[in-house]
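Chemist: Okay, here's the prediction I keep looking at, along with the sequence it came from:
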Amino acid sequence: MSKREDYITWDEYFIGVALLSGKRSKDPATQVGACIVNPLNKIVGTGYNGLPIGCNDDEFPWQKKGDFLDTKYPYVCHAELNAILNNIGIGLQGCKIYTALFPCNECTKAIIQAGITEVIYLSDKHAAKDSFIASRKMLEKAGVSIRKVKVQREQVILSFNEKDV
Ligand SMILES: O=c1[nH]c(=O)n([C@H]2C[C@H](O)[C@@H](COP(=O)(O)O)O2)cc1CO
Ligand SMILES: [Zn+2]
């Protein structure tokens with residue numbers, strides 16, 4: 001018997017882990033996930049957008065509009081920053097980060113300072129906004145490679161039905 005041919009690629013695997021991590025997010029509008037991978041293709045950190053430890057998901061606001069302090073923006077920790085902070089306790093020099101959304105300027109600073117050398121994203125839908133223009137500028141100056149993830153399929157379906165295993 002010959003080997004299976006429709007197995008997922010490394011890119012599909014790691015962006016898949018990023019997207020699965022995003023499913024943990026409590027943000028009703030936007031769920032973002034990120035996955036950090038070392039040069040040996042081992043996962044060394046994952047994260048999703050959420051409140052800092054100790055800040056109750058039910059007490060803090062999730063709205064986008066209103067007074068700044070009544071919105072989610074001052075409180076939410078972005079997926080990419082969480083993935084960096086949640087790493088398995090190693091230096092991240094030379095690692096790559098897979099992220100559902102192209103990183104904002106704040107996460108970009110953390111990515112660069114952590115020594116991550118490649119950003120692989122699924123969506124760049126905010127590319128025209130200042131924050132993301134700043135991100136690209138910093139990543140390019142810092143020599144961090146940027147590319148859109150390469151996928152060979154539209155979706156991967158997971159079943160939790162034991163009969164499907
Ligand atoms: O890279 C990102 N990583 C990340 O975790 N986020 C989070 C912060 C917010 O919870 C949400 C974006 O808010 P909004 O729904 O206004 O688009 O996604 C947002 C970005 C922006 O690209
Ligand atoms: Zn960010």
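Modeler: Looks like it arrived, so ask away. Ligands and ions are numbered 1, 2, ... in the order given.

Chemist: Now do the helices in this structure.
Modeler: Secondary structure of the chain, counting by DSSP state H: helices at 10-22, 79-85, 105-114, 130-141.

Chemist: Nearest approach to ligand 1 belongs to which of the ones you listed?
Modeler: Ranking the helices of the chain by their distance to ligand 1 (criterion: CB to the nearest ligand atom) puts helix 79-85 first, at 3.8 Å. From N, CA and C alone the C-beta is placed, and that goes for glycine too.

Chemist: Now find how far off-centre that closest one is within its chain.
Modeler: From the chain centre to the centre of helix 79-85 is a distance of 8 Å (CA atoms, centre = their mean, to the nearest Å).

Chemist: Pull the residues that contact that helix.
Modeler: Residues outside helix 79-85 that contact it (CB atoms under 8 Å, 6 or more residues apart in numbering) are 18, 21-22, 25, 32-36, 45-50, 77, 92, 97, 99-101, 103, 106-107, 110-111, 114, 116.

Chemist: Next, name the residue at the spatial heart of this protein.
Modeler: Ala34 (2.1 Å; CA atoms, centre = their mean).
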